[in-house]
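> Predicted coordinates and the sequence they were generated for:
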Protein chains: 2
Amino acid sequence: MTPAARRPRISIVQAGLHVGETVEIPGWLYNLRRSGKIAFPILRDGTGILQCVAVKSQLPESLFESVKGLTQESSIIVTGRIRQEPRAPGGYELDLENLEIFQRVPEAEPYPITPKEHGIDFLLDHRHLWLRSRRQHAVLKIRHEISRAIRDYLDSHGFTLLDTPVFTPAACEGTTTLFEVNYFDHEKVYLTQSGQLYNEATAMAFGKVYTFGPTFRAERSKTRRHLTEFWMVEPEMAYATLEDVKQVAEELIVFVVGRVLENRRAELAVLERDVSKLENIKAPFPRMSYDQAVELLHQKGSEIQWGADFGGTDETLLGEDFNLPVMVDRFPTAIKAFYMQPDPERPEVALGVDVLAPEGYGEIVGGGQRIHELDLLLRRIDEHGLPREAFDWYIDLRRFGTVPHGGFGMGLERCIAWICGLEHVRETIPFPRMLYRTRP
Amino acid sequence: MTPAARRPRISIVQAGLHVGETVEIPGWLYNLRRSGKIAFPILRDGTGILQCVAVKSQLPESLFESVKGLTQESSIIVTGRIRQEPRAPGGYELDLENLEIFQRVPEAEPYPITPKEHGIDFLLDHRHLWLRSRRQHAVLKIRHEISRAIRDYLDSHGFTLLDTPVFTPAACEGTTTLFEVNYFDHEKVYLTQSGQLYNEATAMAFGKVYTFGPTFRAERSKTRRHLTEFWMVEPEMAYATLEDVKQVAEELIVFVVGRVLENRRAELAVLERDVSKLENIKAPFPRMSYDQAVELLHQKGSEIQWGADFGGTDETLLGEDFNLPVMVDRFPTAIKAFYMQPDPERPEVALGVDVLAPEGYGEIVGGGQRIHELDLLLRRIDEHGLPREAFDWYIDLRRFGTVPHGGFGMGLERCIAWICGLEHVRETIPFPRMLYRTRP
């Protein structure tokens, strides 16, 4: 380490504001190219990547040797002059004048993730380090952008955020996929699978509401679309119909994709995402009924029977002609949750809607209109064999000023997988939780 | 119901944009005053409260009778002309022309929460309805404002949101207050008490990060400051010291209070909050060391011993002279978590800081600088009797490019309680979870 006068400390993303100035940037060594007379340490600091240029003839010998001996992920503070460089990825380079090594990762115990290919289990075991890689960094910057866009859309459209509880006494979507928690030895509670029932209560108090937090499903499936812990945004509106629900879902998706295109082009480029596919996402989305969808599937060779839920292949087939999310509504009442409003003109179908992402990404939104009539709700609870006592407060909402209402849930990770063009949802969340994966 | 031509449908908050127009507003009957010749149904719709005026001589008789017979929380759609009325709480009134009753709550089974006083257990049992009350509505609008302000501050200061997992294999702050979950019968996991350890990993990848989500503590305490499920925001920064942590905490608190004052004056008025107390919240906050705090407490008659943690009374005493949050740093290492960086000049105290809210609201922020040296961290893990294997990935962060770093956690509900001036945190969250409370 060479002592030097302190220079303004900046981050890489600010480089453009300091062209021609000598600055100090703390970060980590991402990569190093070198020859006998020149070395190019590449710095990452979490805000970007910057190539530095160290010229032997212009630096004290010990300093140049230090640069040449840097190892991957060593923590360093570089000092140097920012220069515009159109050929560099970010548009700038730094002519190195000094280097402070905070920790040099020893050759004997090197950073485990190298530019070579690693198996997925190895990478997931090293998720705490894998996050530093360029692709993972890009995915999670896009995740933040999407989360932010969702909140911005809802906050600016009159929705109030009401966080619904994780600890819930009753099951919302069936009991087989619940995680159970021992609550102080005096009772059992379950981890929420959806905030919807609570949203219905808050919607009656606030009109338009949403909840956005982690939800849990103990699904024993090992597919590329399933996590046991995932984030979901769920808007709910009082005095709303199925058509209102569809409109908000459509607007939200268009808004979110637009925001990513506006602010995260560089990250999409790192992921080699075909952005033309995203630029195509505009309203109106194609709409069809479940009946029409089944007919279309038959034309495409599927053997689905009326009354069955779509499988992953069906969802892909439905989406493939459009290059747009597809809205399918009026599913058979029998395969939908107890609270779904039957179509008054045809009670065997329910006023629910699924939105299927293009490119085979499957369902990203599920929602619809909820039952608002007290008698009908009680009948449906009984038909589903659910205990009325567990739903007493939920039933109350139909006793005291009930109104037509509806909403939907959008799975954050599936949205990210689609927008980023990823094969598996496991890369869409910082620390994925799956059937056989709870670490790190 | 009287048929009528459809008018533009608006919400109460938009009334000012439609003065002189006839509009339709869906909502619920909040209250009703009436005489023989005039009735004043007060409408709420989640965005505001609006007094309507129904004059017998100007309406069909059956319509006026319907208005007079309205019951609390009946769901109704009013049609009428918006008029400016400086004496009305929101500044507007509606001259009623038509009324559509969606559901009239019957007298035989009336809305259970009336303007009279109810006991807290009754209200908590009816939380799904209590949310409609004016005070609760105000508190939760402020909650949304605070959540939004926290995100806006962090997003605009270079922090990346990285959601940390709820399912965690290891305990962060001791094992006695953990909720355990049976994970598919093949292992046990715990519900997160803090995202900090994970934040340290993401900070090394992204520089400045935060997580903001529900956290869980199985505390058997029934105090006005404890929930078993509560929200916490936790920023973490690489290349940061205790002083950086203090600065961000101070700026964040000032920003959040400013936003509430800017956007939620009406709600603060509903809560009868003394806003001068909030207007006073400006940087710099008073700062003192633990040593100085103990001395101050002795002067105030406390018998606290050096080495002990503050109790609630101590926290109140420390804050009472300032009308500002107070920052206390350098607590005894022995009472702090294993990862806290000891002061290099005086290892018996740690580089941690607590921020105590004024007016007796206690600790709202806890944080500090984390240990970055590998050997020291290993020693501390051993001293605390923790299994190294459980922390292998966390230890890795000291092997591969370790840097000084730090951050803090701020409890959302305690912040809300303070800013709203509430006695108990149970009103700060839509559906509070406490030792003996998991419903509704």
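Sure thing, it's come through. Residues are numbered from 1 along each chain as shown, chains lettered A, B, ... in the order given.

> So which bits of the stretch 251-400 of chain A are right by chain B?
Counting by Cβ under 8 Å from any Cβ of the partner chain, the residues of the stretch 251-400 of chain A lying close to chain B are A:392-394, A:396-397, A:399-400. All C-beta atoms are positioned from the backbone trio N, CA, C, and that covers glycine.

> Just name the closest of these to residue B:422, please.
Checking those against residue B:422 by Cβ to Cβ gives residue A:393 as the nearest, at 22.9 Å.

> which residues does the closest residue to the closest one other than its chain neighbours contact?
Excluding its sequence neighbours, the residue lying closest to residue A:393 (Cβ to Cβ, 6 or more residues apart in numbering or on different chains) is residue B:440, at 3.6 Å. Counting by Cβ atoms under 8 Å, 6 or more residues apart in numbering or on different chains, residue B:440 touches A:169, A:201, A:392-394, B:125, B:127-128, B:431.

> what does residue A:73 give?
Shown in contact with residue A:73 (Cβ under 8 Å, 6+ apart): A:28-30, A:105, A:111, A:129, A:132, B:400-401.

> Quick check, residue A:45 in contact with residue A:30.
No - Residue A:45 lies out of contact with residue A:30 (Cβ atoms under 8 Å); the separation is 9.3 Å.

> More neighbours: the two, which one.
The neighbour comparison of residue A:45 against residue A:30 (other Cβ atoms under 10 Å in any protein chain shown) goes to residue A:45, with 24 against 18.

> mind giving me the domain split of chain A?
Per automatic domain parsing, the structural domains of chain A span A:3-103, A:127-428.

> Show me what the helix or strand of chain A with the lowest mean pLDDT is packed against.
Every helix and strand of chain A was ranked by mean pLDDT, DSSP states H and E. The lowest is helix A:312-319, at a mean of 90. With contacts taken as 3 or more Cβ pairs under 8 Å, 6 or more residues apart in numbering or on different chains; DSSP states H and E, helix A:312-319 sits against helix A:290-299, strand A:326-329, strand A:352-357, strand A:362-370.

> For the first one, which helices and strands make contact with it?
Of the remaining helices and strands, those touching helix A:290-299 by 3+ Cβ pairs under 8 Å, 6+ apart are helix A:312-319, strand A:326-329.

> what's next to the shortest one, contact-wise?
Strand A:326-329 is contacted from outside by A:242, A:246, A:249-250, A:285-290, A:293, A:310, A:318-319, A:351-356, A:358, A:368, using Cβ under 8 Å, 6+ apart.

> quick one: residue A:26 from chain B, how far?
4 Å (Cβ to the nearest Cβ, to the nearest Å).

> wait, is that residue part of a helix?
No - the assignment for residue A:26, made by DSSP: H, G, I helix; E, B strand; the rest coil, is strand rather than a helix.

> Look up how far residue A:220 lies from it.
Using Cβ to Cβ, to the nearest Å, residue A:26 is found at 45 Å from residue A:220.

> repeat for residue A:432
Plainly put, residue A:432 is 16 Å away from residue A:220 if you go by Cβ to Cβ.

> cool, and residue A:186?
29 Å.

> Kindly report the same for residue A:88.
Going from residue A:88 to residue A:220 by Cβ to Cβ gives 49 Å.

> So the two - more neighbours on which side?
Comparing residue A:88 with residue A:220 by other Cβ under 10 Å, the one with more neighbours is residue A:88, at 16 against 10.

> Assess the claim that that one and residue A:53 are in contact.
No - in this structure, residue A:88 is not within contact of residue A:53 by Cβ under 8 Å, at 10.0 Å.

> For whichever residue of the stretch 151-300 of chain A sits closest to chain B, grab the count of nearby residues.
Using Cβ to the nearest Cβ, residue A:207 is the residue of the stretch 151-300 of chain A that sits closest to chain B, at 2.9 Å. Using other Cβ under 10 Å, residue A:207 has 28 other residues around it.

> picking that back up, so of the contacts of residue B:440, which ones are in helices?
Applying DSSP state H to those, the entries found in helices are A:201, A:392-394, B:125, B:127-128.

> can you pick the most crowded of those?
Tallying neighbours with other Cβ under 10 Å puts residue A:201 at the head of those, with 26 neighbours.

> Show the pLDDT at the residue nearest to it when sequence neighbours are not counted.
What sits nearest to residue A:201 in space, not counting adjacent residues and going by Cβ to Cβ, 6+ apart, is residue B:128, at 4.0 Å. pLDDT for residue B:128: 98.

> so residue B:128 makes contact with residue A:397?
Yes - using Cβ under 8 Å, residue B:128 is in contact with residue A:397, at 6.8 Å.

> and for these two, which residues touch both?
Among the neighbours of residue B:128, those also in contact with residue A:397 (Cβ under 8 Å, 6+ apart) are residue A:201.

> hang on, the earlier thing: okay, the domains of chain A, which one's buried deepest?
Most buried of the domains of chain A, by mean neighbour count (mean count of other Cβ atoms under 10 Å in any protein chain shown): domain A:127-428, with a mean of 19.
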